[in-house]
Structure formats: structure tokens, C-alpha cells
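**Student:** Below: sequence and its predicted model.
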Amino acid sequence: MRKALLVGSSYSSAPILSILRERGFQISVCGVHRDDPCHEYADKSYYIDYSNSEALKQLIDAEQFDFIVPSCNDTAYMSTVQATQQNPYPGFDTLPTARILHTKNSFREFTKDNAIPAPRWLKASAQKDYSSLTLPLLVKPVDAFSGRGITKITDYSSLGPAIENARLSSKDDGVIVEEFVEGSLHSHSAFVVNEKIMIDFFVDEYCSIYPYQVDCSNHPSFLSQHIRNSVRAAIGTIISKLKICDGLIHSQFIVNDDQIWIIECMRRAPGDLFGNLISYSTGHDYTELYTLPFIGGKIKANSSSERYRLIGRHTISVVKPKTLFSFSQSLPSPKVSIVPLKRSGHPITDAPYDKVAILFAEFEAAETLKSITPSMADYMSIKTIEDNHAF
């Protein structure tokens, strides 16, 4: 029986584990949290901190897995690339390419050198003059995710504390300062075969609880064809310049009128069951498309109908740390599916560090989807132990 290692053990990894199970693999899972769900269903579990690429390398060398699949975070992908430099596995780019795509300052340098539309930026340092950048500015760790460590500033005197705050969220102590771009936020998932986009999906995204973490999104997107083509052209340039291998390239971008700015790109799957949003709406198995290149398979577009279901997704979270009692929703939707992540009595950390549940809702009209998705949090009722939870 062929052996596959899933790097990551959280709930976001569960759909990947399911695909591996369907394909008949002996599945090993690595991740330090013993109560993560994928450990329960794996054939073997290794409770290691996979952010330590040397520890991951020792596991891979000892077990001689046939295939390795990274879960839905940058650390899983980058640590695997580092651990397998001498013995590459299918589905992974080279380390230099991976670093360009997964490190914010390297990616910004790449976009500038290749005329790819992106915000203007500077690498943070104590002596640098930032007056060439137009306020407001965003200060970001180069290697963090989910909006962690990001600060928006409106005057240059606030740069020092913002840079220090960003460094606290960076493993490499790296920070960039970039111009804040006004516009709407979106994402693009492109599945690449032979350096060409085989199939892609656009999603509209919103940040309603924490300003730099997406918690509401919908498919289909309401973007114009012109914007879609502009994004495809930019991503096509990235694909061809870096000669990336077959698989997913996922990006976030901002739109204002007819202009786009590429914010970030990644080769790993987005988290919070993003793939389910696409699958529920289109009928395409997003997780299978993602997994195939890592297990020696070929990406093929199926004959799914272009008549999409109107699906919104919401990551339920809280502004302040609390202890969960219960939660409910009142969305004007005929079909709602909820994936609970916390039990009653369990503590909840504030966003972007924790989540109560992931919710999917189907809507009957496009205008309803468009108007409700940005404010899905307003239809949630979260009761906590600290509050009065009477009816």
C-alpha cells in the first residue's frame, strides 16, 4: 500500500485526508496538537512540530513516504519544501520559487521587477525614510498569515510601534511597509497544468470582525470579465516567469474601478474550508484538484455545469476572548450548513486567532447573496458563559 504523509492535522486538513482515504493510501499525519481531528482518523500519527523543517526531514527520511501533501497553511508548504530539497516530491516548487511566493518582501520585489500590479512598498528598517510612500500605510510581517501583526497607520510617527508589533508575529523578524490600497477584496484560485491555467475560480471576500482576516466570502463572484482577465494575465506572468509546477496557485487581490493590485500568492490551499465553498457552488471537487499533483495525479477539468449555486461562507469568531455557551444564526437562507469548531464551555480567543464555527449558506437570488454576504456576522448570535444567556 502506498504511503502518504499529510503535513497538518487541523480541521482544515480533514477534506485532504478524505481524498487520500478514497484513493487507498496508508495515511500518516503530523502535527503537534494531539486533539486535532486528523490524528483520530489517520493510520499513523506523528506529534511533531512540522515548522521545524529538520524534524520533518528526519520523519520523511525515516518513513520513506511515497507522497507528501501540505495542509492549508504556509508553514506546512514551506517546511516540506525545505525538508525535501535533496529528495524532491511531486507538487512542490523549488525552494527559491517557494520563497518568492510565500515571503512578502520577496514577492513584492518580484512584482516590481516584472511589472505585476501590486502596492508600492519598502522593507522596514530603523533608519529608513518612508516619505516616498503615500499615507495611509500597512505594516506587515513578511511571513505571517490571517492578518496577524498587521497595523494600518495614518502618520509616519506611528511607524516605530507598528514595526515592532509586526516583528512579534514574524518568525524571521522581517517586516514590510506598503501603501494602503482602497478597494474591494477578492481571491483567485488557478489550477495550473504545464504552466497554463486549466481551471480557475474567483471569490468575493470581506473582513467584518478583524480588519485583515477574511471571514465572509461568496461564490460566484460579481467581478466583471475585464477584471477577471486582468487578474489572469497577472497570474499568467507569475506562472511563466517562475515556471511553477502543476497545481494550485491561490492569490488575493484588490480592485478599484478598472485597476487591480495583487496582494499575495501561495501554492498551498486556503484554510477555513475554502474548498467547500467552491465545491458547493460549482460541483468541482476543489480539494481533489488541489491534492492530485502531490500524489502523482493529473488535473483535469470536469464537465460540471456553469450554473452555479449561490453560496456564502462565514467564519464565526469573536472580538474579545470569551467562553462559549451557544450560538445560532438567522440568515434568510433556505439551506445552511454549520461546521462547529468549539463546544459549549470551551474558551474562545479573539479573531484572528480563533474561530467558533464555519458556516455555509445557499441563497435563492444573486442580489441576496451580494447584499447579505458582507454582513453575515450580523445574523449570528453568540452567547457566552460571561453573558446573560437567557432566551
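**Tutor:** That came through, no problem.
**Student:** all contacts plus neighbour counts: C-alpha atoms, from now on.
**Tutor:** Fine.
**Student:** residue ranges for the strands of the stretch 201-350 of the chain, please.
**Tutor:** 216-219, 247-256, 259-266, 310-316, 322-329, 335-340, 347-348 (DSSP state E, counting those that start in this stretch).
**Student:** Please read the previous query as pertaining to the stretch 1-150 of the chain.
**Tutor:** Along the stretch 1-150 of the chain, the stretches classed as strands by DSSP E, counting those that start in this stretch are 3-7, 26-30, 44-46, 67-70, 121-123, 137-141.
**Student:** Could you export the ones you listed to a markdown table, including columns for mean pLDDT, distance to residue 227 and mean neighbour count?
**Tutor:** Below are these laid out as a markdown table (pLDDT from 0 to 100; distance: least, Cα to Cα, whole Å; neighbours: other Cα atoms under 10 Å):
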| stretch | mean pLDDT | distance to residue 227 | mean neighbour count |
| --- | --- | --- | --- |
| strand 3-7 | 98 | 35 | 24 |
| strand 26-30 | 98 | 40 | 23 |
| strand 44-46 | 98 | 44 | 18 |
| strand 67-70 | 98 | 30 | 25 |
| strand 121-123 | 88 | 23 | 20 |
| strand 137-141 | 91 | 24 | 26 |
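**Student:** quick one, which of those strands is nearest to residue 283?
**Tutor:** Nearest to residue 283 among the strands of the stretch 1-150 of the chain is strand 67-70; the distance by Cα to Cα comes to 22.7 Å.
**Student:** Show me what the closest one is packed up against.
**Tutor:** strand 3-7, helix 74-83 (3 or more Cα pairs under 8 Å, 6 or more residues apart in numbering; DSSP states H and E).
**Student:** which one of these lies closest to residue 244?
**Tutor:** Nearest to residue 244, of those and by Cα to Cα, is helix 74-83 at 13.4 Å.
**Student:** quick check: angle from that closest one to strand 3-7?
**Tutor:** Interaxial angle of helix 74-83 relative to strand 3-7 (axes from the mean of the first three to the mean of the last three Cα atoms, to 10 degrees): 130 degrees.
**Student:** Which residues outside stretch 355-372 are in contact with it?
**Tutor:** 218, 222, 272-273, 277, 309-318, 331-342, 348-349 (Cα atoms under 8 Å, 6 or more residues apart in numbering).
**Student:** go with 7 Å
**Tutor:** Residues from elsewhere that reach stretch 355-372 (Cα atoms under 7 Å, 6 or more residues apart in numbering): 272, 310-317, 333-342.
**Student:** picking that back up, how about the strands of the stretch 1-150 of the chain, which one is nearest residue 250?
**Tutor:** Nearest to residue 250, of all the strands of the stretch 1-150 of the chain, is strand 67-70, at 14.2 Å by Cα to Cα.
**Student:** Could you check how far the closest one is from the centre of its chain?
**Tutor:** Distance of strand 67-70 from the chain centroid (Cα atoms, centre = their mean, to the nearest Å) equals 17 Å.
**Student:** list the contacts for the residue nearest the centre of the chain?
**Tutor:** Nearest residue to the geometric centre of the chain (Cα atoms, centre = their mean): residue 270, 2.9 Å. The neighbours of residue 270, taking Cα under 7 Å, 6+ apart as the test, are residue 72.
**Student:** quick one: pLDDT of it?
**Tutor:** With respect to pLDDT, residue 270 scores 97.
**Student:** can you check residue 132 too?
**Tutor:** The model's pLDDT for residue 132 equals 89.
**Student:** Give the burial count for it, as a bare number.
**Tutor:** 10 (other Cα atoms under 10 Å).
**Student:** quick one, helices of the stretch 51-200 of the chain?
**Tutor:** Counting by DSSP state H, counting those that start in this stretch, the stretch 51-200 of the chain has helices at residues 53-63, 74-83, 95-102, 104-113, 159-167.
**Student:** Tell me which of these sits most buried.
**Tutor:** Of all these, helix 74-83 carries the top mean neighbour count, a mean of 23, counting by mean count of other Cα atoms under 10 Å.
**Student:** residues contacting residue 269?
**Tutor:** Contact analysis of residue 269 by Cα under 7 Å, 6+ apart lists 71, 72, 290.
**Student:** Now, of the residues you listed, which are buried?
**Tutor:** Among these, those classed as buried by 16 or more other Cα atoms under 10 Å are 71, 72, 290.
**Student:** how about TSV for those, with pLDDT and distance to residue 186 added?
**Tutor:** Shown next, in TSV, are the buried ones among the contacts of residue 269 (pLDDT from 0 to 100; distance: Cα to Cα, whole Å):
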residue	pLDDT	distance to residue 186
71	98	22
72	97	18
290	98	19
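**Student:** between the residues you listed, which is closest to residue 141?
**Tutor:** Nearest to residue 141 among those, with distances taken as Cα to Cα, is residue 72, at 18.9 Å.
**Student:** so the closest one touches residue 272, yeah?
**Tutor:** No - using Cα atoms under 7 Å, residue 72 is not in contact with residue 272; the gap is 8.4 Å.
**Student:** got any residues that touch both of these two?
**Tutor:** Common neighbours of residue 72 and residue 272 (Cα under 7 Å, 6+ apart) are residue 12.
**Student:** So what's the residue count around the nearest residue to residue 311 once chain neighbours are set aside?
**Tutor:** The shortest distance from residue 311 to any residue other than its chain neighbours is 4.6 Å, reached at residue 362 (Cα to Cα, 6 or more residues apart in numbering). Other residues lying near residue 362 total 22 when counted by other Cα under 10 Å.
**Student:** gap between residue 362 and residue 295?
**Tutor:** Applying Cα to Cα, to the nearest Å, the value for residue 362 to residue 295 is 32 Å.
**Student:** Distance to residue 143 added to the helices and strands packed on strand 67-70, as CSV?
**Tutor:** Output for the helices and strands packed on strand 67-70, formatted as CSV (distance: least, Cα to Cα, whole Å):
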stretch, distance to residue 143
strand 3-7, 18
helix 74-83, 8
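**Student:** So which of the ones you listed is nearest residue 137?
**Tutor:** Closest to residue 137 of those is helix 74-83 (Cα to Cα; 24.3 Å).
**Student:** As TSV, the strands of the stretch 201-350 of the chain with mean pLDDT and mean neighbour count would be great.
**Tutor:** Putting the strands of the stretch 201-350 of the chain into TSV (pLDDT from 0 to 100; neighbours: other Cα atoms under 10 Å) gives the following:
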stretch	mean pLDDT	mean neighbour count
strand 216-219	98	26
strand 247-256	98	21
strand 259-266	97	20
strand 310-316	98	26
strand 322-329	95	16
strand 335-340	98	14
strand 347-348	95	19
